[in-house]
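[1] Fold the following.
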Amino acid sequence: MKKSLIALAVLGALSGAASAQSSVTLYGIIDIGLQWNEQGVNRAATGQPANWSQESAWSIDSGFQSGSRFGLRGAEALGGNWAAVFALEGGYDASTGGSLQGSTNVSTRIFGRQAYAGLRHNAFGTVALGRLAAPSSGTGDFDLWGAVDPFGTGWGFFGLQGTFIPSTTLREDNSIIWASPSWAGFKFAAMYSGNVDGGETAPQGTNTSAFNLGANWTWGPLFLAATYDVIQYADAGSAGRPNAGNSDQKMLQVGGSFDFKFLKVHAAYADQNNISAVPVIGGVSPIIPASSFIPTGIGNYNNTAWMLGVSVPLFGGSLLGSYQYSDAKNIISNNPASLGAQFEPDYSVWGIGYSYPFSRRTNMYVGYGQREWDGRITAAAAAGGGTLSQASQSFDRGQFALGIRHLF
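    Numbers count the residues shown, from 1 in each chain. A predicted model of the protein is given here:
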């Protein structure tokens, strides 16, 4: 009898030790506030030429500083410095309770921000599979880029997502990633997606795949980062695949920051080629809406973008500001449907904001920014038969926000 009791006690102790090696954490962000938005509205009747005008509205909106989200994250120690890890994270609109991160191909995502499982080793890093945010995206568990931006790729369209395409929270389905630990301040990651949106199909050429690389280095007050993304569009004629047959979209980002304690300086540069698709956030793209403006026969365009910014400790909070410019190459169409049409989507983005922490997990914020068209589109190329002057009416935007963010 005593032996049985001892055995039960030992088993209980072992099971307790095993459970102590496994953990699951519920976490999230709720970001909600008052916004004023001014942007282009097409007042033309259905089937009529576009008639853009600048309109404004006050609203209660979610996710200005950071996208509202909830998630589960867990790890189980396996011994020998190995652990099994997972994360399930979904975005939601705090002003309506609705789910976010849906798409044309997958409109019912529950965990659209990230959903993965994998193995982690203290010395060799993590290998994970699932729906992942790219290292260049400024979000997710494997991000290597977001610290370049004083706005952390948030704050409406003020952040780098205003001109840097991967920073518009580039996420990809059907992905595998290797992400290193910190090696003397260096971090690296490599990622591949078999099809970025929706399930894979046979043959492989009917899928839009992607390669993503990233690295950063932290040394005292200095932070440097570089990322490279290639989106390989499906073969021409592939059913249900947007931009099928288009040239590979290639995007390089480099940037960094230096902290002088009283002032942190941020800078970034992007070289973006064969742009034919841009992410949409909350139904509105912070980047130029390519499908509305690119003339027939052109299909894609190239541009460079740069950003200069600062973050300053002030009155117990942080004052943030940046200026960005997107400089595109002028394209002249040779297509008979739009012969001679010109397309040069140049524009600037600037924003200023202040964040004050009430506690470690709760802060208030206030910010204002503008996006201003500086390019040209000839009348033959403008969407809906509109004129050159309507490009700015459609694309210019102003935004003010005052809100609160709570992390849990």
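[2] wouldn't residue 81 be in contact with residue 121 here?
    Yes: counting by CB atoms under 8 Å, residue 81 does reach residue 121; the two are 5.6 Å apart. Using the backbone N, CA and C atoms, a C-beta is placed for each residue, glycine as well.
[3] shaky segments in the stretch 151-300 of the chain?
    277-299 (pLDDT under 70).
[4] Okay, strands next: where are they in it?
    171-179, 186-193, 209-219, 222-232, 249-259, 264-275 (DSSP state E, counting those that start in this stretch).
[5] is it possible to export these to TSV including mean neighbour count?
    Formatted as TSV, the strands of the stretch 151-300 of the chain follow (neighbours: other CB atoms under 10 Å):
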stretch	mean neighbour count
strand 171-179	22
strand 186-193	19
strand 209-219	20
strand 222-232	20
strand 249-259	20
strand 264-275	19
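[6] and those strands as JSON lines, adding distance to residue 67?
    Formatted as JSON lines, the strands of the stretch 151-300 of the chain follow (distance: least, CB to CB, whole Å):
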{"stretch": "strand 171-179", "distance to residue 67": "11"}
{"stretch": "strand 186-193", "distance to residue 67": "20"}
{"stretch": "strand 209-219", "distance to residue 67": "20"}
{"stretch": "strand 222-232", "distance to residue 67": "20"}
{"stretch": "strand 249-259", "distance to residue 67": "20"}
{"stretch": "strand 264-275", "distance to residue 67": "21"}
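[7] of residue 81 and residue 121, who's got more company?
    residue 121 (14 against 11; other CB atoms under 10 Å).
[8] who are the neighbours in contact with that one?
    Residue 121 makes contacts with 81-83, as judged by CB atoms under 8 Å, 6 or more residues apart in numbering.
[9] In helices, which of those appear?
    Judged by DSSP state H, these include no members of helices.
[10] Narrow those residues to those in strands?
    82-83 (DSSP state E).
[11] Closest one to residue 46 out of the contacts of residue 121, please.
    residue 83 (56.2 Å; CB to CB).
[12] ok, the closest one touching residue 118?
    No: using CB under 8 Å, residue 83 makes no contact with residue 118, being 9.6 Å away.
[13] Next, count neighbours for residue 39.
    18.
[14] Over to it. Which of the three states is it?
    Recorded secondary structure, residue 39: strand (DSSP: H, G, I helix; E, B strand; the rest coil).
[15] what sits against it?
    54-56, 284, 396-398.
[16] Provide the partner residues of it in its beta bridges.
    residue 55 (DSSP bridges).
[17] distance of it from residue 345?
    Residue 39 sits at a distance of 16 Å from residue 345 (criterion: CB to CB, to the nearest Å).
[18] cool, and residue 109?
    Counting by CB to CB, the gap from residue 109 to residue 345 is 30 Å.
[19] How about residue 156?
    From residue 156 to residue 345 the distance is 20 Å (CB to CB).
[20] Compare those two (neighbour count), which wins?
    Between residue 156 and residue 345, counted using other CB under 10 Å, the more crowded position is residue 156 (29 against 26).
[21] ok, for that one, nearest residue in space, not its chain neighbours?
    Excluding its sequence neighbours, the residue lying closest to residue 156 (CB to CB, 6 or more residues apart in numbering) is residue 399, at 4.9 Å.
[22] so that neighbour sits right up against residue 34, yeah?
    No: using CB under 8 Å, residue 399 makes no contact with residue 34, being 11.7 Å away.
[23] higher neighbour count, those two?
    A side-by-side neighbour count of residue 399 and residue 34, using other CB under 10 Å, places residue 399 first with 22 against 14.
[24] Just the mean pLDDT for the host helix or strand of that one, thanks.
    Using DSSP states H and E, residue 399 sits in strand 397-407. When pLDDT is averaged over strand 397-407, the result is 97.
[25] Could you spell out the sheet neighbours of that strand, each with its direction?
    By DSSP bridges, strand 397-407 pairs with strand 22-42 (antiparallel), strand 362-373 (antiparallel).
[26] mind checking how far it is from the chain centre?
    Offset of strand 397-407 from its chain centre (CA atoms, centre = their mean, to the nearest Å): 17 Å.
[27] Other residues contacting that strand?
    27-40, 56, 61, 64-66, 155-158, 361-371.
[28] Please, a PyMOL command that selects the buried ones among the residues you listed?
    To isolate the buried members of the contacts of strand 397-407 in PyMOL, using 16 or more other CB atoms under 10 Å:
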select buried, resi 28+29+30+31+32+33+35+37+39+40+61+64+65+66+155+156+157+158+363+364+365+366+367+368+369+371
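[29] how near is the most centrally placed residue in the chain to residue 109?
    Relative to the mean C-alpha position of the chain, the nearest C-alpha, by CA atoms, centre = their mean, is the one of residue 169, at 1.1 Å. Residue 169 sits 13 Å away from residue 109, going by CB to CB.
[30] again with residue 207
    Counting by CB to CB - residue 207 and residue 109 are separated by 18 Å.
[31] ok, the two, which is more surrounded?
    residue 207 (24 against 18).
[32] contacting residues around the more buried one?
    Residue 207 makes contacts with 194-195, 200-201, 234, 238, 241, as judged by CB under 8 Å, 6+ apart.
[33] before we move on, what about residue 218?
    182, 185.
[34] picking up where we left off before, the strands paired with strand 397-407: which one's closest to residue 143?
    strand 22-42 (14.9 Å).
[35] The closest one - what's its average pLDDT?
    94.
[36] C-alpha coordinates for it, CSV please?
    Included here for strand 22-42 are C-alpha records, laid out as CSV according to Å, rounded to 0.1, in the frame of the first residue of the first chain:
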residue,chain,number,x,y,z
SER,A,22,3.9,23.9,-21.1
SER,A,23,2.3,27.4,-21.2
VAL,A,24,-0.5,29.1,-23.2
THR,A,25,-1.0,32.8,-23.1
LEU,A,26,-4.1,34.8,-24.1
TYR,A,27,-3.1,38.2,-25.4
GLY,A,28,-4.4,41.1,-27.5
ILE,A,29,-4.9,44.8,-28.2
ILE,A,30,-8.0,46.9,-28.2
ASP,A,31,-7.4,50.2,-30.0
ILE,A,32,-10.4,52.5,-30.3
GLY,A,33,-10.9,56.2,-30.8
LEU,A,34,-12.4,59.2,-32.6
GLN,A,35,-11.4,59.9,-36.1
TRP,A,36,-11.9,62.6,-38.8
ASN,A,37,-11.1,61.5,-42.3
GLU,A,38,-11.1,63.4,-45.6
GLN,A,39,-10.7,61.5,-48.8
GLY,A,40,-11.9,61.1,-52.3
VAL,A,41,-15.5,60.0,-53.1
ASN,A,42,-16.7,59.1,-56.5
